[in-house]
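> Test case, fold it:
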Amino acid sequence: MAKKKVVKVKNNSKEFKTTADLNVSDKLIDQVIGQEDAIQVIKKASIQRRHVLLIGEPGTGKSMLGLALAELLPKEKLVDILAFQNVNDENQPIIRTVAAGKGRELVQNTNSLGNQSLKSQSIILLILAIAAMIMPWFALDHYSKSLGTTAGAIMFAAFFIGGIAFLAIFIIFLNFGKKLGAKGSSPKIIVDNFKKEQAPFYDATGAHAGALVGDVLHDPFQSGGLGTPAHERVVAGMIHKAHLGVLFIDEIATLAPSTQQELLTALQEGKFSITGQSERSAGAMVRTEPVPCKFVLIAAGNQETLKHMHPALRSRIRGYGYEVFMKETMVDTPDNRLKIAYFVAQEVKKDGKIPHFTKEAVDYIIEEARKRANRKGHMTLRLRDLGGLIRAAGDIALERKAEFVTLQHILDAKLISRSLEKQLADKYIERKKEYEVIITTGQIVGRVNGLAVIGDGDSYSGIILPIESEVVIGGKEKEIIATGKLGEIAKEAIKNVSAIIKKHFGEDIQDKYDVYVQFLQTYEGVEGDSASVAVAIAVISALKGLPIKQNVAMTGSLSVRGEILPVGGVGSKVEAAIEAGLEKVLIPKSNLKDVVIDKEKLAKIKLIPVTNLYEVFKEVYDWTGKENLRKKLFSLKKK
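Sure thing, here's the model as predicted:
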């Protein structure tokens, strides 16, 4: 069972016992946490109907801002959009707009006119059916008297069969005529805003071309009068359904270039014709009159989106709207802590099932927001993942029939709602220790415990990265040979080690030695330069025969001048070192403020901040029997 602890929030500007005491606003714009700049832009965009491009990490509130914009848009007179048959050109349906709700009335009135003619046809059909039933009996009586019973029976059968056949043919032609008449007379509502008062909001994330810009369905019966008229096969896209409203597209760069071009045309013209999306379909021959699509576009994505987004589309948004970079963290202040408390209350209200949180539980959520920021003095704004923890704790409280969610419920929820990255990292460390791939005691030449992370952002999970090096006489290789599924940045960082050795030891290893570096069992790959310090330590150890203390782990980016530069995910790396049972961990001094870990856990390891390679030498090497080398090396530092 997890040990119970109390995390206090300092200087909260409002006191409350539970989140039930906090009044959550019904307006979506007031529920967006920590994105003040983006909120101001959205308010301006709603007044002037401007497009917005939101760039940021997942879970920072991009889709909520899109919904808020739809809520803030001034009330417009929404319209229904109808497609009519074009008697002059059946492949170009006519498009008309009527006030919202009037479209259904128009279709109903058109259908009622057809029903009136149907009634008169039904009366005629009834008369003919009665006649068809009476005439055989009349023929039987008449011809039996004049020609005999045999002739009467024959005429009865003839009249009966003929009447039934005539009736059947009449019914077939009557139904066929109904279809022909109905096909041309009744319009189709392709955008229906019946009883809608708020501006429409459509999330087109991941939509294919037909769903986004519209389509005309294929008609297998294209001849003989059996086919479906073109206007009845028209399907409006989300750009048309969002007319006078908001169209939200996340990961917009995943749209095909041609689809992005069509979206650009719709933005420029405010109308876009619908045609069949498949060239092999009969719908490809149909192209409607331009269909209104004056919508506000909220495009979203991450920094990679900018590389793959259509330049003209981005230019259009930038020229007629705003670009906003979503914040990933906010400063840890009393007001912002209270915002996290309101966020907890919002999640409880949205869920509608889980109980409210106690003050102590909210305090721990605030502490968790600090940890997930990976930055001292800040709290994360990637709140979707934090919301997952809130709901998991609420589920546990419900299961235990508790009145409120308490701290213990959250601690238990953390155990069952760990991210996949965290589960994989725990499994990785457990297996590596079990098979002694990770060594935490003794001293070994050429072997060092590096640190790395898997995942990104809030999902960072630290892992131990064992690195081994071997130096052999040769000089045939032009550069250090590194194996372990390394990325480009990791490979480039290793090349700098040669310059560092030459500077600190006064010898060029390229002419005398071949240097090999192996990242042990890194099946998931290695990217980034945060292991460059560990690589340098391993190579120097193998070159000079210096034993490395295995109870130490390290992380940091190494410059060619031997300076230790900051890296990411330091908090997660330190936690991994603690869980692996290591005693010391070396981190860049500039990263010291980014380590936000519980004091109880941090007390299990010695945190050593370093600024240059000499400080690392002092901590990781066993200099026994190497005093002369040590003096020579540190005399170079003084010079």
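> Any buried residues in the longest strand seen in the chain, and which?
The single longest strand within the chain, with elements called by DSSP state E, is strand 461-473. In terms of neighbour count (16 or more other CB atoms under 10 Å), strand 461-473 has its buried residues at 461-471. Where you see a C-beta, it was placed from the backbone N, CA and C, and this is true even at glycine.
> Ok, stretch 241-256 next?
Buried, per 16+ other CB under 10 Å, within stretch 241-256: 241-253, 255.
> ditto for stretch 65-80
In stretch 65-80, counting by 16+ other CB under 10 Å, buried: 65-73, 78-80.
> buried set for stretch 612-626?
Neighbour-count burial for stretch 612-626, with 16+ other CB under 10 Å as criterion, is recorded at 613, 615-617, 620-621, 626.
> where are the low-confidence patches of the stretch 451-600 of the chain?
455-460, 475, 477-478, 503-511, 523-528 (pLDDT under 70).
> ok, which stretches of it are helices?
488-505, 509-512, 532-544, 570-580, 599-602 (DSSP state H, counting those that start in this stretch).
> quick one, which of the ones you listed is nearest to residue 263?
Nearest to residue 263, of all those, is helix 488-505, at 33.4 Å by CB to CB.
> quick one: the closest one to chain centroid distance?
38 Å (CA atoms, centre = their mean, to the nearest Å).
> Give the buried residues for the strand or helix carrying residue 389.
Using DSSP states H and E, residue 389 sits within helix 383-399. Within helix 383-399, the residues that count as buried by 16+ other CB under 10 Å are 383, 385-397.
> Give me the mean pLDDT for the host helix or strand of residue 134.
Secondary structure from DSSP H and E places residue 134 in helix 102-147. Across helix 102-147, pLDDT averages out at 74.
> what's the closest non-adjacent residue to residue 190?
In this structure, residue 190 finds its nearest non-sequential neighbour in residue 236, 4.1 Å apart by CB to CB, 6 or more residues apart in numbering.
> Quick one: residues contacting the one you found.
Residue 236 is in contact with 81, 190-191, 214, 274, 291, counting by CB atoms under 8 Å, 6 or more residues apart in numbering.
> for residue 206, same thing?
Per CB under 8 Å, 6+ apart, neighbours of residue 206: 251, 254.
> State the distance from it to residue 583.
Using CB to CB, to the nearest Å, residue 206 is found at 49 Å from residue 583.
> Count the residues that sit near residue 323.
Neighbour count for residue 323, taken as other CB atoms under 10 Å: 15.
> May I have the beta-bridge partners of it?
Residue 323 has these beta-bridge partners by DSSP bridges: residue 53.
> for residue 548, same thing?
With DSSP bridges applied, residue 548 shows beta-bridge pairing to residue 444, residue 621.
> thinking it is in contact with residue 538, fair?
Yes - contact criterion CB atoms under 8 Å: residue 548 and residue 538 qualify, at 7.3 Å.
> Comparing the two, which shows the higher neighbour count?
Comparing residue 548 with residue 538 by other CB under 10 Å, the one with more neighbours is residue 538, at 30 against 24.
> Contact partners for the more buried one?
446-448, 467-469, 517, 548.
> Tell me how far the residue lying farthest from the centre of the chain lies from residue 157.
In the chain, the residue that sits farthest from the middle, by CA atoms, centre = their mean, is residue 146; the gap is 89.9 Å. Relative to residue 157, residue 146 is positioned 17 Å away (criterion: CB to CB).
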